[in-house]
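S.K.: need coordinates for the following:
(one chain, ligands or ions: 1)
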Amino acid sequence: MPVYEYRCASCRRRSSHLFRTFASIATPPCPHCGAKPERMQKLISRVVVMKSEESRLEDLADPSTFADVDENDPRSVARWARKLGEQLGDDLPDDYGEMVDQLESGELGDESDEAAGGIPPAADDL
Ligand SMILES: [Zn+2]
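M.R.: Now for the predicted structure:
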């Protein structure tokens, strides 16, 4: 599948767009600020590198990659997310690192703790 990267002339942010077929390729509006397609500058096509990226992603999808991740421990998840980020490189959103930092510092962990506390105990017999 063709993947194209664009830089928005309005907000200067990059975005990647995946197209189902070559026929369906059309410059999209900016997903960050909604600028018109005319404001989008196409960057180097990523089609050529897709093969190797796919195999890298397959490596990451290997269950053993997740084996040492404790999903209840934000720091553990953050470590994994950081590793994932290193693999994905340039394809990351601008605020990815920020998100991982928040995860690591526990800011996002509080949220999930609350969610977990909201689940009633499974006491009902069915
Ligand atoms: Zn924009």
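S.K.: so where is this structure shaky, pLDDT-wise?
M.R.: In the predicted model, the chain carries pLDDT under 70 at residues 1, 44-68, 90-91, 107-126.
S.K.: who are the packing partners of the top helix by length along it?
M.R.: Ranked by residue count, the top helix of the chain under DSSP state H comes out as helix 74-88. For helix 74-88, the helices and strands in contact under the criterion 3 or more C-beta pairs under 8 Å, 6 or more residues apart in numbering; DSSP states H and E are helix 50-61, helix 96-105, helix 107-117. C-betas here are computed from N, CA, C, even on glycine.
S.K.: list the contacts of the shortest one.
M.R.: Same thing as helix 96-105. The contact list for helix 96-105 (C-beta atoms under 8 Å, 6 or more residues apart in numbering) reads Pro74, Arg75, Val77, Ala78, Arg79, Ala81, Arg82, Gly85, Leu108, Gly109.
S.K.: distance of the spatially closest residue to the second one that is not a sequence neighbour from Asp73?
M.R.: Here the nearest residue to Arg75 in space, its sequence neighbours aside, is Glu104; by C-beta to C-beta, 6 or more residues apart in numbering that works out to 5.6 Å. In this structure, Glu104 lies at 10 Å from Asp73, with C-beta to C-beta, to the nearest Å as the measure.
S.K.: those two: who's more crowded?
M.R.: Under the criterion of other C-beta atoms under 10 Å, the comparison of Glu104 against Asp73 puts Glu104 first, with 18 against 12.
S.K.: which residues does Ser16 bridge with?
M.R.: Going by DSSP bridges, Ser16 is paired in beta bridges with Glu5.
S.K.: in this structure it contacts Tyr4, no?
M.R.: Yes. With contact taken as C-beta atoms under 8 Å, Ser16 and Tyr4 are classed as touching, separated by 7.4 Å.
S.K.: just want to know which of those two has more residues nearby.
M.R.: Neighbour comparison, Ser16 and Tyr4: the larger count goes to Tyr4, with 19 against 15 (by other C-beta under 10 Å).
S.K.: distance-wise, check the closest residue to the more buried one other than its chain neighbours relative to Tyr96.
M.R.: Nearest-residue entry for Tyr4: His17, 5.4 Å, with adjacent residues in sequence omitted and distances by C-beta to C-beta, 6+ apart. In this view, His17 and Tyr96 are 18 Å apart by C-beta to C-beta.
S.K.: sweet, I'm off.
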